[in-house]
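K.L.:
Could you look at this predicted model? Sequence included:
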Amino acid sequence: MNQLLQGVDVYLIGIMGAGKSTIGKILARKLNYRFFDTDILIERVAGKKIADIFAAEGEEYFRDLETQILKEVSAYRSSAIATGGGIIQKPINWSYLRQGLIVWLDVDLEILKKRLSKDQNRPLAGKLESLLEKRYPLYSQADMHIKCSSNQTPKQVADSIIARIPAMIMNKK
Ligand SMILES: Nc1ncnc2c1ncn2[C@@H]1O[C@H](COP(=O)(O)OP(=O)(O)OP(=O)(O)O)[C@@H](O)[C@H]1O
Ligand SMILES: O=C(O)C1=C[C@@H](O)[C@@H](O)[C@H](O)C1
Ligand SMILES: [Mg+2]
């Protein structure tokens, strides 16, 4: 698999709660790749939680940091990258995402609501439905669409991504 992948990066996109961080970590382990999580890196650079960045500096500041971090991680090969749910909003971010394979984790709204009900660190969680509607056409531009059902474990989702990677690479050539 690794030979076939030739170090091509895998970017996970999708709305908050879709499983990008959870599945990205598993993918990286299985592919023997580096793992990056743009949200975690933003918190590290800013020295505070996402909710506090939004509250103190605002969303625009967060988005600028997000682009800067994405640019930096896109310089590495052989990595799986869990992105933030809104990374697809800025056109410039697509120029970095397009350097690898873009995988959209698509999860039903009811499952997302349950997953996010206890998350205090996602300031936009209250706008889930309208964000999903607005972003759907953007997520749809991914190379791979993974429709996740409620009974699939993160490991099973990671395996189904891995199974489809060779065909994706052929299509990109
Ligand atoms: N396939 C799955 N089955 C059950 N629970 C899952 C699955 N994938 C993720 N989860 C759970 O859903 C929650 C959200 O997952 P995760 O943090 O990976 O999402 P995310 O896409 O990274 O969200 P965000 O954009 O907010 O960072 C976590 O509690 C995680 O354990
Ligand atoms: O969907 C969004 O806009 C966000 C999702 C999270 O991953 C974080 O990047 C942040 O809370 C914003
Ligand atoms: Mg995440």
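P.N.:
All right, it came through fine. Ligands and ions are numbered 1, 2, ... in the order given.
K.L.:
This structure: strands as residue ranges?
P.N.:
For the chain, applying DSSP state E gives strands covering 10-13, 34-37, 79-82, 101-107, 144-148.
K.L.:
which other helices and strands contact the third one?
P.N.:
Using 3 or more Cβ pairs under 8 Å, 6 or more residues apart in numbering; DSSP states H and E as the contact criterion, the neighbours of strand 79-82 among helices and strands are strand 10-13, helix 20-31, strand 34-37, helix 38-46. Where you see a C-beta, it was placed from the backbone N, CA and C, and this is true even at glycine.
K.L.:
looking at the ones you listed, which is closest to Ala158?
P.N.:
helix 20-31 (4.2 Å; Cβ to Cβ).
K.L.:
any residue of the closest one up close to ligand 2?
P.N.:
No. Residues of helix 20-31 are not located near ligand 2 by Cβ under 6 Å from any ligand atom, the shortest gap being 7.5 Å.
K.L.:
Please save the CA atoms from that helix in PDB.
P.N.:
Only the C-alpha atoms of helix 20-31 are listed here, as PDB (Å, rounded to 0.1, in the frame of the first residue of the first chain):
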ATOM      1  CA  LYS A  20     -11.700  13.600  11.000                       C
ATOM      2  CA  SER A  21      -9.400  13.700  14.000                       C
ATOM      3  CA  THR A  22     -10.300  10.200  15.200                       C
ATOM      4  CA  ILE A  23     -10.100   8.500  11.800                       C
ATOM      5  CA  GLY A  24      -7.000  10.600  10.700                       C
ATOM      6  CA  LYS A  25      -5.000   9.200  13.600                       C
ATOM      7  CA  ILE A  26      -6.000   5.600  12.700                       C
ATOM      8  CA  LEU A  27      -5.200   6.200   9.000                       C
ATOM      9  CA  ALA A  28      -1.800   7.600   9.900                       C
ATOM     10  CA  ARG A  29      -1.000   4.600  12.100                       C
ATOM     11  CA  LYS A  30      -2.100   2.100   9.400                       C
ATOM     12  CA  LEU A  31      -0.300   3.800   6.600                       C
END
